[in-house]
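J.: just to be clear, the model below is a prediction. Sequence and coordinates:
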Amino acid sequence: MSAAGGKLREEQLWFAGAIMTGAALDEAERRLTPGPKLGPRERLDVYRHGYEARLVECLADDYPVLKHALGEEAFTGLCRAYIARFPSRSPNLNAYGRHLAGMCEGFAADLARLEWAIVEVIHQPAGEPLTLETLATIPMEAWATARLVAGEAVRVLTMDHPANDYFQAVRDGDTPPLPGRACSAVVVYRGGRTVWRMGLNPAMHRVLAALIARQPLEAALSLAGDEPPERVTAWFREWVSSGLFVGVETG
């Protein structure tokens, strides 16, 4: 690299660091020229504020219901703290907000986990869904040890709060109060271009989580406990028909 190239790289790294992390701001007067109306530091601040505003906008797009729950001011404060801790390292912002739930507590953390699961499912390939017709071709003697293969665009969450109920209420245009603790579970998945959420009772969660973990079919279905067999069969058919699985392993 030439001396000029090295100098340019140094300037670029300083400029990026100053905008993203506020590093070495006191060097602005030496490195930047003044403009007609703004000094070097004020000119730099235009870029710094624009950078932060774009990332806040990105986080608000990924977490609209969390923003509703916290309110504009608190959500913006959370975003600014997040940006300071996790400056953007990629030109693609699809995965930028993945750590936000770790900076939240209680209900807000559960809600953030739910919204991030939705973001992940949006960006994952759905795959060709397994069909009931394909399952019907499996010999009866292979059913007990068969293992289903879940699609990449499927997430199962367990939470300490009814975040999915709150999420749906907000999406319906309501303004529900923040809920108290109550264990809940939900599966988030994509069918075509649409993202779906399905609430799970404890028995449904046990069975579905086992199926997604590729436990043998007979063992997974036995986790339904005292649930009537016809109800468990209905769950199974709905999950397959909804496209949660993309294959089956036998043998």
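T.: Sure, I can see it.

J.: for the stretch 151-251 of the chain, what spans make up the strands?
T.: For the stretch 151-251 of the chain, strands defined by DSSP state E, counting those that start in this stretch occupy the ranges 154-159, 184-191, 194-200, 245-249.

J.: now render those strands as a markdown table, adding mean pLDDT and distance to Val56.
T.: The C-beta positions use only the backbone N, C-alpha and C, and glycine is treated the same way. Listed next are these as a markdown table, based on pLDDT from 0 to 100; distance: least, Cβ to Cβ, whole Å:
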| stretch | mean pLDDT | distance to Val56 |
| --- | --- | --- |
| strand 154-159 | 98 | 25 |
| strand 184-191 | 95 | 24 |
| strand 194-200 | 96 | 23 |
| strand 245-249 | 94 | 36 |
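
J.: quick one, which of the ones you listed is nearest to Leu135?
T.: Closest of these to Leu135 is strand 245-249, at 6.6 Å (criterion: Cβ to Cβ).

J.: in its sheet, which strands sit next to the closest one, and in what direction?
T.: Sheet pairing for strand 245-249, assigned by DSSP bridges, gives strand 147-150 (antiparallel).

J.: so which of the strands of the stretch 151-251 of the chain is the most surrounded?
T.: strand 184-191 (a mean of 22; mean count of other Cβ atoms under 10 Å).

J.: relative to strand 245-249, how tilted is it?
T.: Calculated by axes from the mean of the first three to the mean of the last three Cα atoms, to 10 degrees, strand 184-191 forms an angle of 90 degrees with strand 245-249.

J.: mind telling me which residue is nearest the centre of this protein?
T.: In the chain, the residue lying closest to the centroid (Cα atoms, centre = their mean) is Trp116, at 1.8 Å.
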